[in-house]
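Visitor: Quick check, what structure comes out for this input:
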Amino acid sequence: MTASPFQPPGSGRWLDRVERLGNALPDPVFIFLALIGALVLASAIAAGLGWSALNPQTGAPMLAESLLSEANLGRLLVEMPQTLTGFPPLGLVLTVMLGAAVAERSGLFSALIGNAMRSVSRRWLTPSVFVIGVLSHHASDAAYVVLIPLAAFLYAEAGRHPLAGIAVAYAGISGAFAGNFVPGQFDVLMLGITAPAARLIDPGWVLNPLGNWWFTAAIGLVFTPIAWFVTDRIVEPRLGRWNAEGEAAALIETPGPLAPEQRRGLRQAGLVALLLVGAMAALALWPDYTPLVDEGAAGPARYTPFYRALIAGFLLLFLGCGWAYGRVAGTIGSHRDVVRMMNEGMRTVAPYLVIVFFAAHFVAMFGWSNMGPIIAVKGAGVLAGLDVPVGLLLVMLLLLSAVFDLFIGSASAKWAAMAPIVVPLMMMLGVTPDMTTAAYRMGDSIFNIVTPVASNFPLVLVMCQRWASGFGVGSVIALMLPYSLCFGAIGLLLVASWASLGLPVGPAAPSRMAVPVVVQP
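Guide: Numbering: from 1, shown residues only. Alright, predicted model coming up:
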């Protein structure tokens, strides 16, 4: 077994046992191969038994399909390239990395971090990184390839363990995914799925894009001190003192006074950043010319194209700022240096590409089998026959969502299958669709950071291995498990108390409602 890359005190502690057990697992590629094999077998059995569920909206049966069927086997072989390239996080990672590689290799990131370390107190480093992680939900998966590496650099520059920086950034981005301080595109997406389900009971129900704001903001506020405590008192002490050696030592530089050309480079990069940010804002706010606004939508939903364009925005921001800094600082002599830096950046994600090939096929095949929606519908349907208090029922929904999160990565896909049953059921019990959506979202985020089948888990593993070559799957699980357990316990209490007290979930979005009268068709 590969030795741990750090020397944690007290090797008999339960997290060390978790790490040893996890590191005994096969490489993630073979984990996905085993999952694909199990899925193929399960789909064949389910199809043979005629396993099915009714589509709650159309009443049409959803049948389990064998992945060994003629159609699915042909689809697997014929569409293999499209299955890989169609994997959602892949294009995003590659797009952002093109710009981030230039910003990193030009020295921009190092100069920014070194400059920041002279003014940022180590005491506030952890909560600052976590809050930025929570806010980065607006940037979708781009935060994984932007904030997490930056957090590792920031901690290393401060003389702290870079893996602690990765951990708190990952916890903010993914472990606290149910929370945010400012509403964004994900709120619109989730409540947009809720809307047709609510209209099965109340045809006049109107989507409120701010319907989860108070709840998601509360999660951000409550989870920040928890993440601070877990990082500084549990995770980082277990990692032990970090001594940069070998390749890891070359990743950081001790912050010192910036050279005059570096300062000029930062000023030039700052000017380019202002111009690019202004251009993005103008595309959403300029009168009579708003390509990043959905004029047919209302409220915050109008800015969904703007949020989606942030991926391209990050590419342009890092590329433009890195190039501007490098030209002034002397690290970029011509456009050929920029292309070389992009090439080097793509080489660093090669291990991720290998894992993604198998992960993409597992996710796609799960969808072809129809197993995901059938499992979700049947699991949600069990709740209908339970005579329990509303608060406890919402907690059970949270736990059901959390269990599904271990196997089905897409929050929207799970909710699209569950909402048509869960939302009407809870409405008939006097719970608003907004509160039900909030409970689901809380459950969906708990195990994001500890399940190896999460789409971005391999990327985080690769980032950890950059600083500690012996880091394995179990090491990441052990690193992140304290966050999951604490977030899960507090999130469960938050949902139960919120529903029991009848607190509003957002502006004009109460958590309780009068039991509606079902409108017969």
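Visitor: which other helices and strands contact the helix or strand harbouring residue 151?
Guide: Using DSSP states H and E, residue 151 falls within helix 142-157. Helices and strands touching helix 142-157, by 3 or more C-beta pairs under 8 Å, 6 or more residues apart in numbering; DSSP states H and E, are helix 88-105, helix 108-117, helix 125-135, helix 162-170, helix 310-329, helix 457-467. To be clear about C-beta, it is placed using only N, CA and C from the backbone, and glycine gets the same treatment.
Visitor: For the fifth one, name the packing helices and strands.
Guide: Counting contacts by 3+ C-beta pairs under 8 Å, 6+ apart, the secondary-structure elements packed against helix 310-329 are helix 88-105, helix 108-117, helix 142-157, helix 260-285, helix 335-348.
Visitor: Just the buried residues of the longest one, please?
Guide: Buried residues in helix 260-285, counted by 16 or more other C-beta atoms under 10 Å: 262, 265, 266, 268, 269, 272, 276, 280, 283, 284.
Visitor: Okay, angle between that helix and helix 310-329 too, please.
Guide: For helix 260-285 against helix 310-329, the angle by axes from the mean of the first three to the mean of the last three C-alpha atoms, to 10 degrees is 150 degrees.
Visitor: The most centrally placed residue in the chain and residue 240: what is the separation?
Guide: When C-alpha atoms, centre = their mean is applied to the chain, the residue found nearest the centroid is residue 174 (3.9 Å). For residue 174, the distance to residue 240 (C-beta to C-beta, to the nearest Å) stands at 25 Å.
Visitor: again with residue 280
Guide: Taken as C-beta to C-beta, the span from residue 280 to residue 240 is 43 Å.
Visitor: Residue 126 too?
Guide: From residue 126 across to residue 240, the span is 17 Å (C-beta to C-beta).
Visitor: Out of the helices and strands packed on helix 310-329, the one nearest residue 228 is which?
Guide: helix 142-157 (13.8 Å; C-beta to C-beta).
Visitor: Give the rounded mean pLDDT of that closest one.
Guide: Across helix 142-157, pLDDT averages out at 79.
Visitor: by how many degrees do that helix and helix 310-329 diverge?
Guide: 40 degrees.
Visitor: Which parts of helix 142-157 count as buried, going by neighbours?
Guide: Quick answer for helix 142-157 (16+ other C-beta under 10 Å): 142-157.
Visitor: Which residues are in contact with the residue lying closest to the residue nearest to the centre of the chain once chain neighbours are set aside?
Guide: Sequence neighbours aside, residue 448 is the residue nearest to residue 174 in space, at 4.2 Å (criterion: C-beta to C-beta, 6 or more residues apart in numbering). By C-beta atoms under 8 Å, 6 or more residues apart in numbering, residue 448 lies in contact with 174, 175, 177, 405, 454.
Visitor: Now do stretch 220-239: everything it contacts.
Guide: 6, 8-9, 13, 15, 126-127, 130-131, 134, 160-161, 163-164, 167-168, 171-172, 175-176, 179-181, 479, 482-483, 486-487, 490, 494.
Visitor: buried subset of those residues?
Guide: Among the contacts of stretch 220-239, the ones that count as buried (16+ other C-beta under 10 Å) are 6, 15, 126-127, 130-131, 134, 160-161, 163-164, 167-168, 171-172, 175-176, 179-181, 479, 482-483, 486-487, 494.
Visitor: Pull the contacting residues for the closest residue to residue 431 other than its chain neighbours.
Guide: Leaving aside its sequence neighbours, residue 431 sits nearest to residue 390 (C-beta to C-beta, 6+ apart; 5.7 Å). Listed by C-beta under 8 Å, 6+ apart, the contact partners of residue 390 are 426, 429, 430, 431, 499, 500, 512.
Visitor: hmm, try it at 10 Å
Guide: Going by C-beta atoms under 10 Å, 6 or more residues apart in numbering, residue 390 touches 426, 429, 430, 431, 435, 496, 499, 500, 502, 511, 512.
Visitor: What of residue 134?
Guide: 143, 171-173, 175-182, 216-217, 219-221, 223-224, 227.
Visitor: That one and residue 341: what is the separation?
Guide: Counting by C-beta to C-beta, the gap from residue 134 to residue 341 is 30 Å.
Visitor: Over to residue 490?
Guide: From residue 490 to residue 341 the distance is 42 Å (C-beta to C-beta).
Visitor: next one: residue 505
Guide: Residue 505 is 46 Å from residue 341, by C-beta to C-beta.
Visitor: ok, the two, which is more surrounded?
Guide: The residue with more neighbours, out of residue 505 and residue 341, is residue 505; 28 against 25, by other C-beta atoms under 10 Å.
Visitor: So in the protein, which helix runs the longest?
Guide: Counting residues, the longest helix found in the chain (DSSP state H) is helix 473-501.
Visitor: Centre of the chain to that one, how far?
Guide: A distance of 15 Å separates the centroid of the chain from that of helix 473-501, by C-alpha atoms, centre = their mean, to the nearest Å.
Visitor: Per-residue pLDDT of residue 18, please?
Guide: 58.
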